[in-house]
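Colleague: Sequence first, predicted coordinates after that:
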Amino acid sequence: MTDAHGPREIAMVVAIAAVFAALVIAGCGGASDSSPTSPAQTTPAPVPTPTPTPTPTPTPPAPGSGSYSLVLAFPTGTTAVGSQETVWLIATRTAGSATVGSFSAVIALDTSIVSYGGQINRTTDGLVAMNSGTPLSVQIAGAATSFSNDTLAGLTLTVKKSGGATGATLIVRELTTSKFEDKSPQSSGSPPASNLRPASRPARSRR
């Protein structure tokens, strides 16, 4: 029995050993194949540095070729003593030039001839303010996107004696157009008749 089955048993052991060896080799190969592969290392691209955009230098507005001035327009004729006369502040400018944008002026008063009566609201284009801090002067200032009407403001003066028109003198401090053109201040008194617009005269009082 022992001699008859010896070779068969030996062959079976050898076959089992061969299968076991194959399984071990296959297992080792599978483990080797399943090992993770490290990703390739990449160098990040450099971040570009932004180039600053230069700030443009603003160009000042051109002085403009138009001629500008502010004048006082008085009623024609003689106003009776004790009554009031209406005086308009008017901008004179070259035809086709920009309208007035802002202004500042002072009306100096000879209180022996006239006295300040009050403000007349003339325009709705912007804001016009008038203030008489002392009896000797009236401060006027106005600003708007554009004063469409060259008659900027109005005031009343009480006449104390004959020659009321000579008792008020205009001193212009600042005048700028709606295109931001800065016009040099100029002083003016009663303008020539050609620069005046007719102003309605109040009824004269009987004395």
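Modeller: Structure's in. What do you need?
Colleague: How about the contacts made by residue 125?
Modeller: Contacts for residue 125 (CB atoms under 8 Å, 6 or more residues apart in numbering) come out as 144, 145, 146, 147, 148, 149. For every residue, glycine as well, the C-beta is placed using N, CA and C.
Colleague: so the first one, which of the three states?
Modeller: It stands for residue 144. strand (DSSP: H, G, I helix; E, B strand; the rest coil).
Colleague: burial of the nearest residue to it once chain neighbours are set aside, as a residue count?
Modeller: Distances taken as CB to CB, 6 or more residues apart in numbering place residue 126 nearest to residue 144, at 2.3 Å, with adjacent residues excluded. The number of residues packed near residue 126 is 16, by other CB atoms under 10 Å.
Colleague: any idea how far residue 169 is from residue 126?
Modeller: Distance of residue 126 to residue 169, computed by CB to CB, to the nearest Å: 25 Å.
Colleague: swap in residue 139?
Modeller: In this view, residue 139 and residue 169 are 14 Å apart by CB to CB.
Colleague: any weak-confidence spans in the protein?
Modeller: Applying pLDDT under 70 to the chain picks out residues 1-41, 53-66, 184-207.
Colleague: Please enumerate the helices of it.
Modeller: In the chain, the helices defined using DSSP state H lie at 2-33.
Colleague: all strands of it, in order?
Modeller: 68-73, 84-93, 100-109, 114-120, 127-134, 137-147, 151-159, 168-177, 182-183, 187-188 (DSSP state E).
Colleague: what does the fifth one rub up against?
Modeller: The list of residues contacting strand 127-134 from outside it, by CB under 8 Å, 6+ apart, reads 116, 119, 121-122, 138-144, 152-153, 155.
Colleague: For PyMOL, write a command that selects the buried ones of these.
Modeller: Buried members of the contacts of strand 127-134 can be picked out in PyMOL with the line below, counting by 16 or more other CB atoms under 10 Å:
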select buried, resi 116+119+122+138+140+141+142+143+144+152+153+155
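Colleague: which one of the contacts of strand 127-134 is nearest residue 43?
Modeller: Nearest to residue 43, judged by CB to CB, of the contacts of strand 127-134 is residue 143 at 62.7 Å.
Colleague: partners of the closest one in the sheet?
Modeller: With DSSP bridges as the criterion, residue 143 is bridged to residue 102, residue 127.
Colleague: That one and residue 126 touch, don't they?
Modeller: Yes: contact criterion CB atoms under 8 Å: residue 143 and residue 126 qualify, at 5.4 Å.
Colleague: quick one on the thing from earlier: out of the strands of the chain, which comes closest to residue 45?
Modeller: Residue 45 lies closest to strand 137-147 among these, at 52.5 Å (CB to CB).
Colleague: Please name every helix or strand in contact with the closest one.
Modeller: In terms of contacts (3 or more CB pairs under 8 Å, 6 or more residues apart in numbering; DSSP states H and E), strand 137-147 is packed against strand 100-109, strand 127-134, strand 151-159.
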